[in-house]
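**Q** Requesting a structural model of the entry that follows:
(2 chains)
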Amino acid sequence: MPRFEPLLERMPTTRTPEFVDRTAPGGAAGERPSYTAEAPFKIHGGCGLMGICDESGSLMSGENAIRAMAVQRDRGNGLGGGFAGYGIYPEFPDHFCFHMMLHDVRAKEEAEAVFDRHFTVDLAEPMPTRPVKGISDAPLLWRYFLKPDPHRLEETEMSEEDFVVHVVMLINSTVDGAFVASSGRNMGAFKGVGFPEEIGHYYLLEEYEGHTWVGHNRFPTNTPGWWGGAHPFTLLDWSIVHNGEISSYGINSRYLEAFGYKCTLGTDTEVAAYLFDLMLRRHKLPIELACKALASPLWSDIDRMPEEERALMRSLRAVYGPGMLNGPFAIVLGHNGGMVALNDRIKLRPLVAARQGTIVMVASEESAMREVLDAPDRVWAPRAGEPVIASVAGAEQPFHDDLHLSADEVSCAVTGVVETCETVEVN
Amino acid sequence: MPISLIQPEFKVHIDYDKCHKCGRCVQQCGWGVYNFNERPIPDDAKCRACHRCVTYCPAHCITIKKNDLALRDNANWSAGLRTAVWRQAETGGVMLTGMGNDKPYQSIFDHLVLDACQVTNPSIDPLREPMELRTYLGRKPDAVSVESDGDGGFRLAEGSGVEKNVKLDTPIIFSPMSYGSVSLNVHRSLAMAAERLGILMNTGEGGLHADLYPYADNVIVQVASGRFGVNPEYLNRGAAVEIKVGQGAKPGIGGHLPGEKINKEVSETRMIPQGSDAISPAPHHDIYSIEDLRQLIYSIKEATGYKPVGVKIAAVHNVAAIASGIVRAGADYVYLDGFKGGTGAAPQIIRDHIGIPVEIAIAVVDQRLRDEGIRNQASIVAAGSIRSSADLAKAIALGADVVAIGSAALMALGCHMCQGCHTGSCSWGLTTQKPELTRRVDPEWGAERLTNLVHAWSHELQEILGALGVNAVESLRGSRERLRSIGLDQQTCDILGVKPAGL
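**A** A predicted model of the protein is given here:
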């Protein structure tokens, strides 16, 4: 029997569920949602999160992630929950797996037409789900295991990664009512409107096994419940879950805009995702240093460092100062090679970490660790700005050298806002 | 001599019942208001309301009031315009004045308000938490590149450091005020304060007196169109070099320091003959275009081992394009001087009617540099006029890296803004070279007051940052999301990149 009985009665939400006949031939009546409808304004909110990674690469059930989020239920308000799992599709290790959210059959047909033009689809199937009390008005959820069509790939002279992101961009921006929830190899995002344990249960996560899991629980103050808007945010195999309210959003977004990114969603998570893209992929900074730029040490600490390190940190801070995330946040970046968790520079949001053998775990609350790990070797509160890095042995690190996207292409892929990108092909 | 039609602006009233007849007012007044004949007799016409006598009167018996003469109301012809016509009919000359624009133009700063954190993110208590104001002035690389240090760590790759930047402990520097226009004691006060505060003073265009050579790390040496006092040693006696193209109070025109102010020491520092007028040309005669500026910037860099070189311009209509050109020409900072900036002497008509507000200039320059992807290549210094830490915070939120204060610094040293700087008779001993007046400023006293002022504003900036929930000034810089406007029209809001309150 499911162990996921709600701990609290469902909190009232601002949603007004209405019946949508998603399977009606030719598509549902009424307007189809666009991801861009998310927010023309800045969204405030708080959240809970977790991340777990077995550095040995051994797989663990998604139930761990659900349990870790279930004990943090009251960090959310039922307006968004989600997970990403890595290593979950060992049968298709080399296929890109698209988790799709589709408003109706018409959106599905249109999205599939795009797939057919660009990919060889080796398996298309509905996401396995089960009815769960509290989860309603789910879009059509399908997953596709696919590989870029070799001829198209050759024609476009793109790398596989560039090609895939381009299709993500194309679908999110031009196919109304279709949204790519995740697009990486051997991973997937499972998210929606609801409490995370309900969402996890709905997607039967306990039947998946992965080496790394991240989870998220959302408490937005004002946003319509929209399945695509839940965390994690993903692109290829990167996923981000984030708890925070970045007080420096204004300058962070203007800084990114100077590099061509377009911050259209009004969320801190979007900004954090672009900053990682800028620093890790485009500026090729090591992850440790990118974390130091995002949550800089205090000048008084920098001044006490040995000369060589001081010069490095001084430059890092002076150059990336406009990108520094100031204000409360805890963030977990998941990828096929493990995860990175980071707290803000003076630890204004909770982040606790634990290690048990080869398992590294982080969460907003220690209770999550105590729930999942039977005998942790060590439980600690990572210091402000000190990243917790878990790397799966032998796995590729997340920095795609064969990705050559411009900033506006990344923005377009993440947000689906077509105006952000002139280069998107509409055909 | 025919009588003047111009009536005194002020009335000096002495309560003779209280007056000690000590004559201190006579001694204190630099304008020659008082004659002493058994008791001090004021000549109202000479009074500039600088309050030197009021401040030093031991009996507190002097009162200065406006001369409240009725003129027939005329909303078109203000009293000031009528007086100006009479004055010019008398003299046939250009009206000179000192300090900044005093016309009632709208202050954009006063129509901007700042944000604060409530619930969704916490404010930060600056009395209990670190609150960082340190700022690096100068060019930053596009990205930091690192190389392995062979020990599992990383070190900075060649060329991506900021070692050429000037470190400022707070984002406030002193505006250029030349030795000659102000006294050596003022320069000493500024230099000592800059050293104590970890900031910079600016020589202005009059060179650097040899006594101030020890303060080289806290000095910007300026190169202006007259090239007064400029030689290789001078260029190397500063932490940075500034090419002055224009000044907010007098865009497009040069300067004129009257021969009376050129005493022996000023003459030596400026490298011009004693008693001769120091006239700086309107343009630099070796800069007739942007490519000429580039040559001068790089000549100076070559001469100084690549110290930061900034360019100061007045905020004028096309300031964004000009600033962009300056950055592309290799400047490490752009100094934007708004039309309310001060001056030691300027034609009133120029001061009051040329240029644009610094708020607009910061907004459009910051945005243009971002649009062109070169914002990191230069810092923006904003001035003219920064009147409080609120203006400072708003200027930074609009996009300035650093602000420069001149009028406020002089006020810390006693200035009452009587607008008589050009006369050389400043009773407070600031804008004068008369030894009996200049000795009124004790550099130690002056440095302490300047230090207090900058500390006070810095503390207030920390309070503002704390309320905004950020603990480093770089998180406010350019963060226009933290500003809202009240009572500005939509187009001005768009230009500023600021939403109206409520959005």
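
**Q** which residues in the stretch 351-500 of chain B form helices?
**A** B:358-371, B:389-398, B:407-412, B:435-438, B:443-468, B:490-496 (DSSP state H, counting those that start in this stretch).

**Q** Can I get the third one in PDB? Just the C-alpha atoms.
**A** As requested, the backbone C-alpha atoms of helix B:407-412 are provided in PDB (Å, rounded to 0.1, in the frame of the first residue of the first chain):
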ATOM      1  CA  SER B 407      30.000  70.400  -3.400                       C
ATOM      2  CA  ALA B 408      29.200  68.100  -0.500                       C
ATOM      3  CA  ALA B 409      32.900  67.800   0.300                       C
ATOM      4  CA  LEU B 410      33.400  71.600   0.200                       C
ATOM      5  CA  MET B 411      30.300  71.900   2.500                       C
ATOM      6  CA  ALA B 412      31.900  69.600   4.900                       C
END
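
**Q** Check the spacing between the residue sitting furthest away from the middle of chain A and A:Pro286 real quick.
**A** Distance from the C-alpha centroid of chain A peaks at A:Glu307, with 37.5 Å (Cα atoms, centre = their mean). Distance from A:Glu307 to A:Pro286, counting by Cβ to Cβ, to the nearest Å: 20 Å. The way it works is simple: take the backbone N, C-alpha and C, and place the C-beta from them, glycine included.

**Q** Give me every residue in the stretch 351-500 of chain B lying close to chain A.
**A** Residues of the stretch 351-500 of chain B lying close to chain A (Cβ under 8 Å from any Cβ of the partner chain) are B:370-371, B:373, B:375-376, B:468-472, B:474-482.

**Q** buried subset of these?
**A** Neighbour-count burial within these applies to B:370, B:375-376, B:468-472, B:474-482; the criterion is 16 or more other Cβ atoms under 10 Å in any protein chain shown.

**Q** thinking again about what came up before, next one: the residue farthest from the centre of chain A from B:Val166, what distance?
**A** 19 Å.

**Q** Show me where the stretch 251-400 of chain A has its helices.
**A** In the stretch 251-400 of chain A, the helices defined using DSSP H, counting those that start in this stretch lie at A:268-276, A:287-294, A:299-302, A:307-320, A:366-372.

**Q** For B:Leu114, which of these is the nearest?
**A** Across the helices of the stretch 251-400 of chain A, B:Leu114 has its closest neighbour in helix A:268-276 (20.1 Å, Cβ to Cβ).

**Q** Pull the contacting residues for B:Ser276.
**A** Applying Cβ atoms under 8 Å, 6 or more residues apart in numbering or on different chains to B:Ser276 gives the contacts B:259, B:262, B:267.

**Q** In helices only, show me the residues you listed.
**A** Here DSSP state H is the test, and the contacts of B:Ser276 give B:Ser267 as lying in helices.

**Q** Export the contacts of B:Ser276 as a markdown table, with columns for distance to A:Asp377.
**A** Output for the contacts of B:Ser276, formatted as a markdown table (distance: Cβ to Cβ, whole Å):
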| residue | distance to A:Asp377 |
| --- | --- |
| B:Gly259 | 83 |
| B:Ile262 | 79 |
| B:Ser267 | 78 |
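
**Q** Buried only: go through the contacts of B:Ser276 for me.
**A** For the contacts of B:Ser276, buried by 16+ other Cβ under 10 Å: B:262, B:267.

**Q** which one is the residue in chain A that chain B sits nearest to nearest to, not counting chain neighbours?
**A** Using Cβ to the nearest Cβ, the closest approach of chain A to chain B is made by A:Gly250 at 2.8 Å. Nearest residue to A:Gly250 in three dimensions, chain neighbours excluded: B:Glu481, at 2.8 Å (Cβ to Cβ, 6 or more residues apart in numbering or on different chains).
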